[in-house]
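S.K.: Need the 3D shape of this:
(chains A and B)
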Amino acid sequence: MNFKHTKLDRILLASSNLLLCLSVLLVIVPLFYVVVASFMDPTELLSKGITFDRSAWTFEGYKLILSNEAMIRGFANAVYYSVGFTIITVVISIFAGYSLSVNGLVGKNLFMTLFIITMFFNGGLIPTYLVVKDLGMLNTVWAIMVPGAVNVWNIILTRTFFKGIPKELNEAANVDGASDRHVFFKIVLPLSKPIIFVIALYAFVAQWNSYFDAMIYLDDAKLKPLQLVLRSILIQNQADPGMISDQLAMAELKRLSEMIKYSSIVISSLPLILMYPFFQKYFEKGVMAGSLK
Amino acid sequence: MQGRMDYIFKNYFLYLLLAPALILTLLFKYLPMYGAIIAFKDFNPMKGILGSEWAGLKHFTRFLSSPNFEIIFMSTLKLSLYGLILGFPVPIILALMINQLRRNAIKKNIQLILYAPNFISVVVIVGMIFIFLSPAGPINIILTNITGKPLMFLTDPEYFRSVYIISGIWQGAGWASIIYVAALASVDPELHNAATIDGANIVQRIRHIDLSTIKPVMAIVFILGAGSIMAIGFEKAFLMQTAMNLPTSEIIPTYVYKQGLQAGDYAYSTAVGLFNSVINVIMLVAVNFIVKKLNEGEGLY
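M.R.: Presented below is the predicted three-dimensional model:
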């Protein structure tokens, strides 16, 4: 801006920037603390606080967590569930979104109403649980991947995206005698990469971070995803007995379970940290597309 | 009618594409809505939904007359209402401040940092709360140095709401500001320049240009927030519960979970959940009506 600010303006601008800097620090410091603490011995952490003295750092926490069977199995399960859930969600959302974006689709309003009602009203925990149970899905991966795969926001998002594709493309193809199927797979789908990416990122993160469905639908310890393993480490304070040899004294046990708290947080966040650069690019687009239309 | 059937027949492929979403929605959303009638029955899993005896409003009166009702109901309402009131302005203020930044690179980086907590899982957030606020944690070490005694954030019911809401703002405010930042980006810079020439100071410009631009977005966010006051999530409250903080941390969703899946009282639990859903729908309609009145006819629908 080329105009002179008044004194009041400048003071307000400066305090606004200061406040913004404080907010950034407020976000960074706790995250930073966890990362640094993951390299420290808990006893020392407790007595001296975090230090940047590298000689005091240890990788013991990471060694423990990476040699822990429950954690590794949880990680593998989480990858499996998240990838599976993402594929199912993307396919369903793209298919439904495209179908509902077609002009003149008979029954469109009825279908949209059916979907939108579910955003504001649902049958509740127990009736949903009973349906999953009656379908024989308890204790199977399907209970995790299927019931939540229809997300109305995703359908609205994809529908909005497809409406933005120039009609001329479809019409030209239709004149040439191409079938709906041909138009969808050969013309529309290749143009849909950005929206596929947005939905996939949303779905992956949501599934990676969730614990609730796994908690109520899965009993078998072998099926538990990462977040449930984290829950027992971080919140219930139950380090897996197999992780730490039971010959150890209580104090040592406590020390080690403190230690793995930090490293488990870091390890569990790795996939999201790796994906983070894409978030800025695609998420914002997704949020905006969904909210403005 | 014939024309419609012809259309459907001719465009069967489009309906094929819609089928998976429709079938899953009927199965996992509408079938449970039908199943919710067990709230009015003495549900016996052996007899099934239809075979079980009708029980009228028994389960509802049991909940409404139970000594816990008022505590749980008020806990739910307060946690949600305070969260909305305290959490609503923060993203707006953040967006206004971000909007003042002139250099794009700085803007992008700050946004990237402020969004980050949104991608941390509930389990990890609550884990971090436990680490930071435990009696021997870093916050209490600082507090002890200043006041001489630690605060029992995690067990004292008095602190549950503050911890829940503040950590929620820490996690969500940055992400929630996106929508406002984007709306503000649509403001023509010339408008600000012209106003500056006319002698408007920064407060006036923010009030008359920025805030009036994002007013419709604010209205929608507020309606959605207020409309889901009773739809507060289960996941975080459940993880943050300790035996000691139950007087404030037991909310309807956690109560439904415990009565239903832990105690196995399916019908009663469903009744409590249904009661909650109905209040929520009434709330959404009412709030939308009020905002529409205040906002010159602009509501959610």
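S.K.: Let me see the ranges of the helices in the stretch 1-150 of chain A.
M.R.: Read by DSSP state H, counting those that start in this stretch, the stretch 1-150 of chain A holds these helices, from start to end of the chain: A:7-37, A:42-48, A:60-66, A:69-101, A:108-120, A:125-134, A:142-145.
S.K.: Of these, which is nearest B:Pro135?
M.R.: With Cβ to Cβ, the closest approach to B:Pro135 among those belongs to helix A:42-48: 11.5 Å. Heads up, the C-betas are built off the backbone N, CA and C, glycines and all.
S.K.: What mean pLDDT does the closest one get?
M.R.: Averaged across helix A:42-48, pLDDT comes to 78.
S.K.: by contact count, what packs against that helix?
M.R.: Here helix A:42-48 touches helix A:250-292, going by 3 or more Cβ pairs under 8 Å, 6 or more residues apart in numbering or on different chains; DSSP states H and E.
S.K.: Could you check the angle the helix it packs on makes with helix A:69-101?
M.R.: Between helix A:250-292 and helix A:69-101, the angle formed by their directions is 10 degrees, by axes from the mean of the first three to the mean of the last three Cα atoms, to 10 degrees.
S.K.: Point me to the helix or strand that includes the most centrally placed residue in chain A.
M.R.: If you average the C-alpha coordinates of chain A and look for the closest C-alpha using Cα atoms, centre = their mean, you land on A:Val205, 1.5 Å from that point. Using DSSP states H and E, A:Val205 maps to helix A:193-209.
S.K.: wait, does that helix contact chain B?
M.R.: Yes - Helix A:193-209 lies within reach of chain B by Cβ under 8 Å from any Cβ of the partner chain, at A:205, A:208-209.
S.K.: hmm, back to that, output the helices of the stretch 1-150 of chain A as TSV; include the columns mean neighbour count.
M.R.: Output for the helices of the stretch 1-150 of chain A, formatted as TSV (neighbours: other Cβ atoms under 10 Å in any protein chain shown):
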stretch	mean neighbour count
helix A:7-37	15
helix A:42-48	14
helix A:60-66	18
helix A:69-101	21
helix A:108-120	15
helix A:125-134	22
helix A:142-145	21
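S.K.: follow-up on the earlier one: just the CA trace of the helix holding A:Val205, in CSV.
M.R.: The C-alpha atoms that make up helix A:193-209 are tabulated as CSV, following Å, rounded to 0.1, in the frame of the first residue of the first chain:
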residue,chain,number,x,y,z
LYS,A,193,-7.2,-35.4,-10.5
PRO,A,194,-7.3,-32.4,-8.3
ILE,A,195,-10.6,-33.4,-6.7
ILE,A,196,-9.5,-37.0,-6.3
PHE,A,197,-6.5,-35.7,-4.5
VAL,A,198,-8.5,-33.5,-2.1
ILE,A,199,-10.9,-36.3,-1.2
ALA,A,200,-8.1,-38.8,-0.8
LEU,A,201,-6.1,-36.5,1.5
TYR,A,202,-9.2,-35.8,3.6
ALA,A,203,-10.1,-39.5,3.9
PHE,A,204,-6.6,-40.6,4.7
VAL,A,205,-6.1,-38.1,7.5
ALA,A,206,-9.5,-38.8,8.9
GLN,A,207,-9.0,-42.5,9.0
TRP,A,208,-5.4,-42.3,10.2
ASN,A,209,-6.4,-40.1,13.2
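S.K.: quick one: buried residues of it?
M.R.: Going by neighbour count (16 or more other Cβ atoms under 10 Å in any protein chain shown), the buried part of helix A:193-209 is A:195-209.
S.K.: the inter-axis angle of that helix versus helix A:250-292?
M.R.: Orientation check (the same axes, to 10 degrees): helix A:193-209 against helix A:250-292 gives 150 degrees.
S.K.: Quick one: mean pLDDT for helix A:193-209?
M.R.: Per-residue confidence for helix A:193-209 averages out to 91 on the pLDDT scale.
S.K.: Same question for stretch B:65-76.
M.R.: On average, stretch B:65-76 scores 94.
S.K.: Name the residues that touch it?
M.R.: For stretch B:65-76, contacts defined as Cβ atoms under 8 Å, 6 or more residues apart in numbering or on different chains pick out B:63, B:230, B:232, B:247-253, B:255, B:276.
S.K.: got it, and stretch A:207-219?
M.R.: Outside of stretch A:207-219, the residues within contact range by Cβ under 8 Å, 6+ apart are A:78, A:81-82, A:85-86, A:125, A:129, A:132, A:137-139, A:143-144, A:147-148, A:223-228, A:231, A:271-272, B:119-123, B:234-235, B:257, B:261.
S.K.: Go again with 6 Å.
M.R.: Here stretch A:207-219 makes contact (Cβ atoms under 6 Å, 6 or more residues apart in numbering or on different chains) with A:78, A:81-82, A:85, A:138-139, A:143-144, A:225, A:227-228, B:121, B:123, B:235, B:261.
S.K.: Sort out which one of the residues you listed lies nearest A:Leu169 for me.
M.R.: Closest approach between those and A:Leu169, by Cβ to Cβ: A:Phe85, at 31.2 Å.
S.K.: Leaving out chain neighbours, which residue sits closest to that closest one?
M.R.: Sequence neighbours aside, A:Gln207 is the residue nearest to A:Phe85 in space, at 4.2 Å (criterion: Cβ to Cβ, 6 or more residues apart in numbering or on different chains).
S.K.: Indicate whether the lowest-mean-pLDDT helix or strand in chain B makes contact with chain A.
M.R.: For chain B, the helix or strand with the lowest mean confidence is helix B:2-10, at a mean of 83 (criterion: mean pLDDT, DSSP states H and E). Yes - where contact is defined by Cβ under 6 Å from any Cβ of the partner chain, part of helix B:2-10 touches chain A, namely B:4, B:7-8.
S.K.: Relative to chain A, how far out is B:Tyr266?
M.R.: When Cβ to the nearest Cβ, to the nearest Å is the yardstick, B:Tyr266 and chain A sit 5 Å from each other.
S.K.: Need the phi and psi values for that residue.
M.R.: Recorded main-chain torsions at B:Tyr266 are phi -60, psi -50, according to degrees, to the nearest 10.
S.K.: contacting residues around the residue most central in space within chain B?
M.R.: Most central in chain B under Cα atoms, centre = their mean is B:Ile232, positioned 5.2 Å from the mean C-alpha point. For B:Ile232, the set of contacting residues under the criterion of Cβ under 6 Å, 6+ apart consists of B:Ser80.
S.K.: quick one: it from chain A, how far?
M.R.: Taking Cβ to the nearest Cβ, one finds B:Ile232 at 14 Å from chain A.
S.K.: Is chain B within reach of stretch A:180-188?
M.R.: Yes - using Cβ under 6 Å from any Cβ, a contact is recorded between stretch A:180-188 and chain B, made by A:180-181.
S.K.: what's the spacing between that stretch and its chain's center?
M.R.: Its chain's C-alpha centre lies 30 Å from the corresponding centre of stretch A:180-188 when counted by Cα atoms, centre = their mean, to the nearest Å.
S.K.: Quick check: end-to-end length of it?
M.R.: One end of stretch A:180-188 to the other measures 10 Å (Cα to Cα, to the nearest Å).
S.K.: Quick check: buried residues in that stretch?
M.R.: Buried positions in stretch A:180-188, judged by neighbour count with 16+ other Cβ under 10 Å: A:180, A:183-184, A:188.
S.K.: pLDDT on that stretch, on average?
M.R.: This predicted structure assigns stretch A:180-188 an average pLDDT of 88.
S.K.: Comparing the helices of the stretch 1-150 of chain A, which yields the minimum mean pLDDT?
M.R.: The weakest mean pLDDT among the helices of the stretch 1-150 of chain A belongs to helix A:42-48, with a mean of 78.
S.K.: what comes into contact with it?
M.R.: Under the contact criterion Cβ under 6 Å, 6+ apart, helix A:42-48 has outside partners A:37, A:255, A:258-259.
S.K.: three-state assignment of A:Ile165?
M.R.: For A:Ile165, the secondary-structure state derived from DSSP: H, G, I helix; E, B strand; the rest coil is coil.
S.K.: Next one: it, what pLDDT does it get?
M.R.: In the prediction, the pLDDT value recorded for A:Ile165 is 83.
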